[in-house]
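Trainee: Here is a sequence with its predicted model. Questions after.
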Number of protein chains: 2
Amino acid sequence: MYELFFNNLNKKVPLTGEEEEEIKRYLTPKKLRKKQYLLQEGDPCKYIAFIEKGALKAYSVDDKGNEHIIQFGLEGWIISDLYSFLTGEPATYNIDAIEDAELVLISKSAHEELLQKIPKYETFTRLNITGAYLAMQKRLTSIIGSSLEERYTNFTALYPNIVQRVPQHMIASYMGLTPETLSRVRQKIIRK
Amino acid sequence: MYELFFNNLNKKVPLTGEEEEEIKRYLTPKKLRKKQYLLQEGDPCKYIAFIEKGALKAYSVDDKGNEHIIQFGLEGWIISDLYSFLTGEPATYNIDAIEDAELVLISKSAHEELLQKIPKYETFTRLNITGAYLAMQKRLTSIIGSSLEERYTNFTALYPNIVQRVPQHMIASYMGLTPETLSRVRQKIIRK
DNA sequence: TCTTTTTATTGATTTTTATCAATGTTATTT
DNA sequence: AAATAACATTGATAAAAATCAATAAAAAGA
């Protein structure tokens, strides 16, 4: 249990057995069926979720009912509405399962106590958020500065596993495009 | 000296006098004239810069020579090519001064030693990167899910000081638009 | 297995945005 | 103060992307 989570943790900040045991006490496992919500817009986000297995998406819904995917999550990634989690404000994102999933949940109080008690947990948190920041900055740079073809090619190179496992219209949503446009972008690329 | 920097630091993690003195030893002041580079694409990014005064921008340049602004920085903000800073890889962004500026520089070695020696500095770093992440996520959400008019209105509400101090074509670049399009978006808003 | 739902593609049309060009205005520099 | 450079606006046109609609294919459920 929590295998991947502790793999990840140990890769970034090697732990003693005691530290592992201590941290384990703060964790909660959770399984999610495909299409099931982890979080709904309007509810406060109570957890950070580490993904042991499966695939999830975080998204907002606009006035017309269109989903805009802000983040995908696969094995080994963390997913949450961080703003809501940290402030207690109602969530602005929904999170649900694209595939059946197994999660490790960390509650707000657990997170805060771990930050206090275990310096390595703070380092882990810092490294995680730094990685997430850099990934998002790359995404933003390519949105502002690249053509759609470049952006899609780039995305497939960077996340081949997402492309395999997730329906295209969700990738279109992630890119801020309609499914039709993404389909045409792909045709163009294929013809080259 | 370093007034705003320590204000900021103390607001997030109140320091003892000793801690302040210790940290001061690792800092370097730097003045920048308008249009002067802090960092050029291709060079490794040696510093994180805290802005005491002035305005800067971080941007990439595409094949056609167009600038794409990835970040603005004003007083109290931090600016850097974080990926380059952390990995030592050549920078992919340029950073220069929009106005004459006064900076507090933290070198790579200083950053690493401070993370080791001063737990509060790690907390400070974690809080900063978290804030930057949340701000960028908001930006991304509005790019993917909102109309141009909403995006611009939002931007002006969020950063009125940037709108005042920075030429419009730079804001267009930040939004991923041509200056002409932003000008027309503004006309539309004004007419309402 | 059969039915229903989800997904992807393609075409025609409209809307949005970029590009090119010209003009006036405001800042900077000399 | 005059000259130059940087900036913002406007119009005409081209290019890109969204929308609407129809169809086909694939996956999931009964």
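Mentor: Arrived safely. Numbering: from 1, shown residues only, chains lettered A, B, ... in the order given.
Trainee: which residues of chain A fall in helices?
Mentor: Counting by DSSP state H, chain A has these helices, from start to end: A:3-12, A:17-24, A:82-87, A:108-117, A:119-145, A:148-158, A:160-165, A:168-175, A:179-190.
Trainee: okay if I get those as TSV plus distance to A:L38 and mean pLDDT?
Mentor: Placement of C-beta: from N, CA and C, glycine included. Formatted as TSV, these follow (distance: least, Cβ to Cβ, whole Å; pLDDT from 0 to 100):
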stretch	distance to A:L38	mean pLDDT
helix A:3-12	16	97
helix A:17-24	21	96
helix A:82-87	12	98
helix A:108-117	15	98
helix A:119-145	17	96
helix A:148-158	24	96
helix A:160-165	18	96
helix A:168-175	16	97
helix A:179-190	24	96
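Trainee: Now render these as CSV, adding distance to DNA strand C and mean neighbour count.
Mentor: Shown next, in CSV, are these (distance: least, Cβ to the nearest atom of the strand, whole Å; neighbours: other Cβ atoms under 10 Å in any protein chain shown):
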stretch, distance to DNA strand C, mean neighbour count
helix A:3-12, 26, 15
helix A:17-24, 36, 13
helix A:82-87, 26, 18
helix A:108-117, 32, 14
helix A:119-145, 10, 19
helix A:148-158, 11, 15
helix A:160-165, 10, 13
helix A:168-175, 3, 19
helix A:179-190, 3, 13
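Trainee: pretty sure A:V163 is touching A:T153, no?
Mentor: No - if you go by Cβ atoms under 8 Å, A:V163 and A:T153 don't touch, sitting 10.9 Å apart.
Trainee: Need the CA coordinates for stretch A:153-162. CSV is fine.
Mentor: The C-alpha trace of stretch A:153-162 is given here as CSV (Å, rounded to 0.1, in the frame of the first residue of the first chain):
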residue,chain,number,x,y,z
THR,A,153,3.5,17.6,-31.7
ASN,A,154,5.1,18.8,-28.5
PHE,A,155,2.3,17.5,-26.3
THR,A,156,2.5,14.0,-27.9
ALA,A,157,6.2,13.9,-27.4
LEU,A,158,6.0,15.0,-23.8
TYR,A,159,3.0,12.9,-22.7
PRO,A,160,2.7,9.9,-25.1
ASN,A,161,0.9,8.0,-22.3
ILE,A,162,-1.8,10.7,-22.0
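Trainee: Now do it: everything it contacts.
Mentor: A:55, A:72, A:74, A:142, A:146, A:163, A:171, A:175, A:189 (Cβ atoms under 8 Å, 6 or more residues apart in numbering or on different chains).
Trainee: what do you get for stretch A:182-189?
Mentor: Outside stretch A:182-189, the residues touching it (Cβ under 8 Å, 6+ apart) are A:148-149, A:152-153, A:168-169, A:171-172, A:175, A:177.
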